[in-house]
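Colleague: Sequence first, predicted coordinates after that:
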Amino acid sequence: MSELLNTFAAQRGEIMQSLGEHLLLSMEALLLACLIAVPLGMMLAHTKRAGEVVFQITSIVQTIPSLALLALLIPFVGIGTAPALIALTAYGVMPIYQNTYSALRNLDPNLEEAADAFGLSRWRKLTRLELPLAWPMILSGISISLVMIIGTATLAAMIGAGGLGTYIMLGIQQNNNSYLLIGAGLSALLTLAMSALLKFMSSSKKHFGYVAVFLTVLALAAGVWQGGQLFVSKDETVVIAGKLGSEPDILINMYKDLIEKDNPEVKVTLKNNFGGTSFLFNALKTRKIDIYPEFTGTVLQGLAKKPAATPHDPAKAYQLAKKLLAKEDQLTYLKPMKYQNGYGLAVKQAFAEKYHLRKLSDLREHNAILTAAFDPDFASQQDGYLGLKKAYGLAFKIKTMEPALRYKAIASGKVNLVDGYTTDPEIKQYGLTFLTDDRKFFPPYQGAPLMREDFSKKHPGVVKSLNKLAGKITEADMQEMNYQVSVKHQSASKVARAYLLKHGLL
């Protein structure tokens with residue numbers, strides 16, 4: 001509980017922003033679903049065949065896994081809010097349509113005949129008789145849709161739409177229960193609050209009117225404010241995104257501070273925890289974002305269309321990555337920072353001292369006593385353990401587990417060797433030490449800002465600002481900053497700014 005409260009206090013601004021994103025996305029999807037489903041149910045309630053066909057179509061949409069639907073939409077509408085809003089709306093339609101259609105279709109026939117006998121028009125019959133009687137069931141469908149939308153909206157973080165899902169993903173990635181509780185807990189509280197609001201609206205016409213007027217005024221105020229911002233602000237906006245985790249978050253905050261200090265006319269918008277490598281790379285090429293930090297090893301082994309052998313010399317690896325990005329995708333890769341965030345094998349410091357382990361080649365003499373916990377990708381890749389054991393003659397026992405869990409395993413003594421990235425904060429947290437890659441097996445992973453060529457030519461001032469980080473930040477520096485954010489739960493923006501001030505970059 002203490003850790004949870006500390007995390008909330010340290011990141012309350014970011015948490016409230018995620019909550020706002022989640023609420024806005026969910027309410028927009030629910031409103032669109034209502035605008036589609038309720039009129040559709042009203043039109044088809046007296047047309048059985050067409051009504052059943054539409055019901056079957058909406059039911060089929062429900063059977064499509066949410067992640068699959070999001071992935072299917074990306075080629076057509078890109079990443080970010082648009083595909084998330086479309087998918088959530090599609091999921092929200094079925095329960096509202098089903099309840100509207102069923103409620104109107106199953107009204108007492110005697111009441112319908114009485115309304116016809118009194119000569120009520122179709123519109124007056126609908127508004128004075130049918131809808132009031134059907135309203136409780138329609139509201140029940142809206143409530144079901146609301147719960148589904150808010151829950152499914154957590155997946156929007158995987159395609160850069162933000163929301164509370166960001167904290168759930170970070171919690172899983174870092175084995176951080178505080179993040180998991182924040183993401184899942186606030187999502188549950190949001191569902192309860194909105195369900196209570198719907199119940200309050202349905203209790204009387206007066207309450208319905210009050211809430212409807214309040215939400216309308218709020219929506220108009222938000223629209224006017226956003227529109228006013230577009231007309232008032234004369235600053236150019238640069239969008240910088242980062243992958244999941246503390247390190248990309250720290251880097252993009254450094255980018256923001258440097259750019260805004262040197263270029264007062266530029267306003268930087270950050271999209272932290274925006275998604276995985278492929279999402280960011282595609283977002284950059286499709287102009288959804290302008291800059292993000294990428295690593296040389298990732299470019300050469302995952303992004304290049306025609307992968308080449310990765311040089312072990314960091315300078316040569318960077319030059320090759322820069323050349324391929326420019327040739328294949330018309331992207332500019334700025335000068336890299338000093339540190340490398342590459343693979344490595346780590347042991348406890350006491351274990352290293354006991355068995356005189358300093359470099360990876362020392363492990364060969366202790367195969368019999370070693371038990372390793374490896375990330376599933378590392379365990380099955382040629383640039384991971386499969387190639388490593390051939391290069392060093394290794395043959396110890398291995399267990400595969402999720403990245404955060406492997407550190408828990410070595411801390412509790414269940415294993416004595418783990419794979420990891422050289423800037424992981426858990427190295428300091430659990431008193432581990434990396435063994436030297438004395439045969440230079442692992443490729444270099446130096447980070448640098450990546451942007452489109454046309455953007456770099458149009459913004460020489462931005463390029464100049466970001467190049468201040470070239471050759472800066474050691475592995476020890478980044479490991480310490482990651483530790484402050486991931487373990488001590490400090491704000492990434494404060495940690496980034498403190499480094500820049502300390503080293504005279506601001």
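Modeller: Structure received.
Colleague: where do the helices sit along the stretch 151-300 of the chain?
Modeller: With DSSP state H, counting those that start in this stretch as the criterion, the stretch 151-300 of the chain has helices at 165-174, 177-202, 205-232, 246-262, 277-285, 296-298.
Colleague: Could you pull out the buried residues of the longest helix belonging to the chain?
Modeller: Determined from DSSP state H, the single longest helix within the chain is helix 12-44. Going by neighbour count (16 or more other C-beta atoms under 10 Å), the buried part of helix 12-44 is 14-15, 18-19, 21-30, 32-34, 36-38, 40-42, 44. Using the backbone N, CA and C atoms, a C-beta is placed for each residue, glycine as well.
Colleague: Give me the average confidence score over it.
Modeller: Across helix 12-44, the average pLDDT comes to 89.
Colleague: Give me the angle between it and helix 177-202.
Modeller: 40 degrees (axes from the mean of the first three to the mean of the last three C-alpha atoms, to 10 degrees).
Colleague: returning to what we had before: rank the helices of the stretch 151-300 of the chain by pLDDT, which is bottom?
Modeller: Of all those, helix 205-232 has the smallest average pLDDT, which comes to a mean of 67.
Colleague: ok, Thr7 touching Leu180?
Modeller: No: in this structure, Thr7 is not within contact of Leu180 by C-beta atoms under 8 Å, at 10.8 Å.
Colleague: on that earlier part again, dump the helices of the stretch 151-300 of the chain into JSON lines; add mean neighbour count and distance to Ile96 as well.
Modeller: Below are those laid out as JSON lines (neighbours: other C-beta atoms under 10 Å; distance: least, C-beta to C-beta, whole Å):
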{"stretch": "helix 165-174", "mean neighbour count": "22", "distance to Ile96": "23"}
{"stretch": "helix 177-202", "mean neighbour count": "17", "distance to Ile96": "12"}
{"stretch": "helix 205-232", "mean neighbour count": "11", "distance to Ile96": "17"}
{"stretch": "helix 246-262", "mean neighbour count": "22", "distance to Ile96": "38"}
{"stretch": "helix 277-285", "mean neighbour count": "19", "distance to Ile96": "31"}
{"stretch": "helix 296-298", "mean neighbour count": "23", "distance to Ile96": "43"}
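Colleague: Quick one: those helices as TSV, columns for distance to Lys359 too.
Modeller: Output for those, formatted as TSV (distance: least, C-beta to C-beta, whole Å):
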stretch	distance to Lys359
helix 165-174	29
helix 177-202	35
helix 205-232	56
helix 246-262	25
helix 277-285	30
helix 296-298	20
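Colleague: Could you check the angle the longest helix of the chain makes with helix 246-262?
Modeller: Angle of helix 12-44 versus helix 246-262, following the same axes, to 10 degrees, is 100 degrees.
Colleague: List the buried residues in the next helix or strand after helix 12-44.
Modeller: Toward the C-terminal end, the helix or strand that comes next after helix 12-44 (DSSP states H and E) is helix 48-63. Across helix 48-63, burial judged by 16+ other C-beta under 10 Å covers Gly51, Val54, Phe55, Thr58.
Colleague: list the contacts for the first one?
Modeller: What that stands for is Gly51. When contacts are counted by C-beta atoms under 8 Å, 6 or more residues apart in numbering, Gly51 touches Gly41, Leu44, Ala45, Tyr101, Arg105.
Colleague: Same check on the third one?
Modeller: For Phe55, the contacting residues are Met94, Tyr97, Gln98, Tyr101, taking C-beta under 8 Å, 6+ apart as the criterion.
Colleague: can you count the residues close to the second one?
Modeller: The reference is to Tyr97. For Tyr97, the number of neighbouring residues by other C-beta atoms under 10 Å comes to 28.
Colleague: and the gap between the most far-flung residue of the chain relative to its centre and Ala134?
Modeller: Relative to the mean C-alpha coordinate of the chain, counting by C-alpha atoms, centre = their mean, the farthest residue is Ala117 (58.6 Å). Using C-beta to C-beta, to the nearest Å, Ala117 is found at 20 Å from Ala134.
Colleague: How about Met1?
Modeller: Counting by C-beta to C-beta - Met1 and Ala134 are separated by 46 Å.
Colleague: neighbour count winner among the two?
Modeller: For Met1 and Ala134, the more surrounded residue by other C-beta under 10 Å is Ala134, and the numbers stand at 24 against 7.
Colleague: Quickly find the element holding that one.
Modeller: With DSSP H and E as the test, Ala134 turns up in helix 131-152.
Colleague: lowest confidence element among the helices and strands of the chain?
Modeller: Of all helical and strand segments in the chain, the minimum by mean pLDDT, DSSP states H and E falls on helix 205-232, at a mean of 67.
Colleague: So Gln98 sits against Gly141, correct?
Modeller: Yes: assessed by C-beta under 8 Å, Gln98 is found in contact with Gly141 at 6.3 Å.
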